[in-house]
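>>> Whatever this is, show me its structure:
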Amino acid sequence: MTSFCSATVNTTALKHNLQVVRAAAPGSRVMAVIKANAYGHGIVPVARALASADALAVARLAEARQLRKAGIDSRVVLLEGVNLRAELEQAAQLSLDLVVHNDEQLRMLEDFEIGGAFSVWLKIDTGMNRLGITGANLGEFLHRLRNCGSVRGVPRLMSHLANADDREDAKTQSQMREFAAITDTLGCERTLANSGGLFGWRGSHYDWVRPGIALYGVTPFGCGTGADLGLRPAMRLNARIIALREVGKGESVGYGGNWCAPVPTRIAVAGIGYGDGYPRHLGNNAPVALRGRNAPLLGRVSMDMITLGLADHPDAAIGDEVTLWGEELPVEQVARLAGTIPYELLCGVTQRVDVRYVT
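Now for the predicted structure:
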């Protein structure tokens, strides 16, 4: 055993998911979103696996620096833009595309001395109410960007869907109508669709799509799994059994004693816990895969360990591998049982988990 727990990332699955995305939006280019350490999968290996994407997107300047330091020369879009002059200078050195979403960012570009330094994506708020200019200010911003010396080419336009994970929600249609109404006649390339828009709202595809969670094999919707969309999970989270015990009738297991054995019970202790990113809020009987069948979680998830019931696994042994999520146990299912979303589980895998890459 080389480690108590590990995450295995399948780069072939990543490439497969990119192909599924292209098939879903054949008329669009793909901006692959790899922010937050590629949703916990490792930003540099994922960028290399998705090198055929038309662009990569990150949220923070540090993420872009990491890519360039690793020799990634793909087009990189900085989704939150920059807020300081020093950041603008670094973005120019790193040859990044910039998202502009407020007047302060535009004024920095207007004051920047290097001609044609940036391709720009102008973000319009159509209902998310986080970042973006209003439709009423679009004409002014476009005029200023087209006359800004540090901007090269025609600005592209973007917005973000707030509720695309719910295919019955009327807000998405409202955002799509607003985006179309204010951009249809402007002659600019556009992007609106996230993963939810990509698979749920064909009218949102435009010139570019911006998949995130779908690239990692996970559904963007509140029900089902990525497999329903033809996707393959890219991450499998595993741990090893490190101890076996016999628990007497009436004895409790773990912190707080919230599970007591109704009969003499054989249990396994696996070396993973919330210190590794496994969700503490999972309750008794949440499934963990062992030898092709599920074993129930018994007792609380602790920092370093979980305990499992072995009633259906009489041959379980120390060193056996258990799967916390992966192809045989979808992360979507685990997230719902934990009262959270798959994004949080994937992004929450901690640094002490040994990450391995396979093809």
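
>>> Just list the residues touching residue 292, thanks.
residue 328 (C-beta atoms under 8 Å, 6 or more residues apart in numbering). For every residue, glycine as well, the C-beta is placed using N, CA and C.

>>> Report pLDDT for it.
The model reports residue 292 with a pLDDT of 92.

>>> How many residues are close by the residue lying closest to residue 24 once chain neighbours are set aside?
Spatial nearest neighbour of residue 24, chain neighbours left out: residue 198 (5.6 Å); criterion: C-beta to C-beta, 6 or more residues apart in numbering. Number of residues near residue 198 (other C-beta atoms under 10 Å) recorded here: 27.

>>> Pretty sure residue 282 is one of the things residue 340 touches, is it not?
No - if you go by C-beta atoms under 8 Å, residue 340 and residue 282 don't touch, sitting 9.8 Å apart.

>>> With neighbour numbers in mind, choose between those two.
Using other C-beta under 10 Å as the criterion, residue 340 and residue 282 rank with residue 282 on top: 22 against 15.

>>> what's around residue 172, how many residues?
24.

>>> Next one: it from residue 193, what distance?
Computed as C-beta to C-beta, to the nearest Å, the residue 172 to residue 193 distance reads 10 Å.

>>> overlap in contacts of the two?
Contact with both residue 172 and residue 193 is made by residues 161, 164, 201, 204, according to C-beta under 8 Å, 6+ apart.

>>> Distance to residue 139, pLDDT and neighbour count added to the residues you listed, as CSV?
As requested, the shared contacts of residue 172 and residue 193 are exported to CSV (distance: C-beta to C-beta, whole Å; pLDDT from 0 to 100; neighbours: other C-beta atoms under 10 Å):
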residue, distance to residue 139, pLDDT, neighbour count
161, 23, 98, 26
164, 27, 97, 25
201, 26, 96, 19
204, 23, 97, 26
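
>>> re the thing from before, what are the phi and psi values at the residue nearest to residue 24?
Backbone torsions for residue 198, taken as degrees, to the nearest 10, come to phi -60, psi -50.

>>> For residue 25, see how far away it is.
Counting by C-beta to C-beta - residue 198 and residue 25 are separated by 6 Å.

>>> what do the two both touch?
Joint contacts of residue 198 and residue 25 (C-beta under 8 Å, 6+ apart) are 205, 209.

>>> which ones are touching residue 232?
10, 13, 16, 17, 217, 226, 327.

>>> If we use 10 Å, what do you get?
10, 12, 13, 14, 15, 16, 17, 20, 216, 217, 226, 327 (C-beta atoms under 10 Å, 6 or more residues apart in numbering).

>>> For it, which non-adjacent residue is closest in space?
residue 13 is the one closest to residue 232 (C-beta to C-beta, 6+ apart), at 4.1 Å.

>>> what mean pLDDT does the helix or strand containing that neighbour have?
Element membership for residue 13 (DSSP states H and E) is helix 11-24. Averaging pLDDT along helix 11-24 yields 98.

>>> tell me which residues in it are buried?
11, 13, 14, 15, 16, 17, 18, 20, 21, 22, 24 (16 or more other C-beta atoms under 10 Å).

>>> Tell me which strands the very next helix or strand once past that helix pairs with, and in which orientation.
For helix 11-24, the following helix or strand on the C-terminal side (DSSP H and E) is strand 29-33. With DSSP bridges as the test, strand 29-33 is paired with strand 55-58 (parallel), strand 208-209 (parallel).
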